[in-house]
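> Quick one, fold the following:
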Amino acid sequence: MLERDAIVEALQTRVVRVNALAFALASGFVAGLGLFAATDYLVVKGGPVVGPHLALLGQFFVGYHVTLWGSVVGFAYASVTVGLAAYVVARLYNWVARLRER
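This is a model prediction of the structure:
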C-alpha cells in the first residue's frame, strides 16, 4: 500500500506541471490565428468603414491595419505577444506548483 501511495503522489506531482514551451506555442498560434481570421473576415465583409475597433490594434502593433497584409502582420504580433505572456504564466504556475509540493 505504501508503494501505491508513492506512485499516486508522484503522478499527481507530474500532472500539475505545465510544459511552458508547448503552452506558449499553442496559445500564441491560437491567438494569431484568431486575429488573422477576424481581420480577414472584416476585409471580406467590406463596407464603408472596415473594423474601426480592430484597427485600434495598430496603436500597439506597428504596421497592423485591417487589410489582407495586416492580417499577416497581426498574426505575427499576436503569436509573439500571447506566446511570451503564456510562457511567463506557465513558468509562474510551475513555480507555484513547486512551492506547494514542499
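> Could you use CA atoms for every contact and neighbour count after this?
Noted.
> where does the protein have low pLDDT?
Counting by pLDDT under 70, the chain shows low-confidence ranges at 1-2, 11-15, 101-102.
> what residues are up against the closest residue in space to residue 68 that isn't next to it in sequence?
What sits nearest to residue 68 in space, not counting adjacent residues and going by C-alpha to C-alpha, 6 or more residues apart in numbering, is residue 40, at 6.2 Å. Residues near residue 40 by C-alpha atoms under 8 Å, 6 or more residues apart in numbering: 66, 67, 68, 71.
> Residue 90 too?
So residue 90 contacts 18, 19, 20, 23, 24 (C-alpha under 8 Å, 6+ apart).
> Repeat that for residue 67.
39, 40, 43.
> one step back: any idea which of the contacts of residue 90 is the one closest to residue 49?
For the contacts of residue 90, the residue nearest residue 49 by C-alpha to C-alpha is residue 24; the value is 34.1 Å.
> surely that closest one meets residue 81?
No - using C-alpha atoms under 8 Å, residue 24 makes no contact with residue 81, being 9.8 Å away.
> Keep only those of the contacts of residue 40 that are in helices.
68, 71 (DSSP state H).
> re earlier: neighbour count: residue 24 and residue 81, which is higher?
Neighbours were counted for residue 24 and for residue 81 using other C-alpha atoms under 10 Å; residue 24 has more, 23 against 17.
> For residue 77, see how far away the residue lying closest to the more buried one once chain neighbours are set aside is.
Spatial nearest neighbour of residue 24, chain neighbours left out: residue 83 (4.4 Å); criterion: C-alpha to C-alpha, 6+ apart. Separation of residue 83 from residue 77 (C-alpha to C-alpha, to the nearest Å) stands at 10 Å.
> Lovely, talk soon.
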